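# Here you go, sequence then predicted model.
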Amino acid sequence: MTMLEAALGISALQVALLAGIAAIDLRRRIIHPGALCALTGVSIFDALANQSPALPSTLVGALFAGGAFGFAYQGGRLFGRRLNLSSATVVFGLGDVWLGAACGLAVGFPGALAVVLLAMLLGGLSVGIHWAVSNWRSVEYRPFTALPYGQNIAAATGFALLFPAQIAQAFAG
């Protein structure tokens, strides 16, 4: 097995784990810790064995994406308190923060920057789709409806894993 085949196999495994995480989040609104640990383990193995991405890059990616999604988590908590929303209304979950950090570990930096930006764009798109479908089905729109976010982070990460050269080129110059 060549180095390229091994890297493609690991990326395929990471994308499969991301698809499972997204499916569980859509159905149950939870980031499954077992799948999250598997993604983290595969990403660490990849960084140590294949240097793809290099270990310092993976650590910076994890810190950046985890920090960015952690900031969103804290902002959501403050927003919820400011509007006196019930504590059951989760604007952005802690599982999403952990998923962001694991995804940053998988893609390294600058891939983590692309993941954060693309996940935000996909999140806005999913809110728009939710609003449009609610109107189409004549369901009353409820402000501050909590929507799962893990699929947005997973899709953005899958894109960054599948197109690393394009991501690096986009942020290089």
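Everything's here; your move. Numbering: from 1, shown residues only.
# buried set for the top helix by length along the chain?
Using DSSP state H to define each element, the chain has its longest helix at helix 55-82. Going by neighbour count (16 or more other Cβ atoms under 10 Å), the buried part of helix 55-82 is 57-70, 72-73, 76-77, 80. Any C-beta I mention is one placed from the backbone N, CA and C, and that applies to glycine too.
# Same question for stretch 123-137.
Within stretch 123-137, the residues that count as buried by 16+ other Cβ under 10 Å are 123, 126.
# contacting residues around that stretch?
Taking Cβ atoms under 8 Å, 6 or more residues apart in numbering as the criterion, the residues outside stretch 123-137 that touch it are 140, 141, 145, 147, 149, 151, 152.
# Buried subset of these as a ChimeraX selection?
The following ChimeraX command selects only the buried members of those, with burial defined by 16+ other Cβ under 10 Å:
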select :149,151,152
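# Specify which member of the contacts of stretch 123-137 is nearest to residue 107.
Of all the contacts of stretch 123-137, the one sitting nearest residue 107 is residue 152; the distance, using Cβ to Cβ, is 14.9 Å.
# Okay, and the spatially most central residue of the chain sits in which element?
Averaging the C-alpha coordinates of the chain gives a centre point, and the residue nearest to it by Cα atoms, centre = their mean is residue 153 (2.3 Å). For residue 153, the element it lies in under DSSP states H and E is helix 150-162.
# Repeat that for residue 119.
With elements taken from DSSP H and E, the one containing residue 119 is helix 111-136.
# That helix versus helix 55-82: what angle between them?
Regarding helix 111-136 and helix 55-82, their directions subtend 40 degrees when assessed with axes from the mean of the first three to the mean of the last three Cα atoms, to 10 degrees.
# What are the contacting residues of stretch 58-73?
Taking Cβ under 8 Å, 6+ apart as the criterion, the residues outside stretch 58-73 that touch it are 43-44, 47, 53, 92-94, 96-109, 111-113, 115-116, 153.
# mean confidence for it?
Average pLDDT, stretch 58-73: 95.
# for stretch 38-46, same thing?
For stretch 38-46, the mean pLDDT works out to 93.
# in it, what's buried?
With burial defined by 16+ other Cβ under 10 Å, the residues of stretch 38-46 counted as buried are 38, 39, 40, 42, 43, 44, 46.
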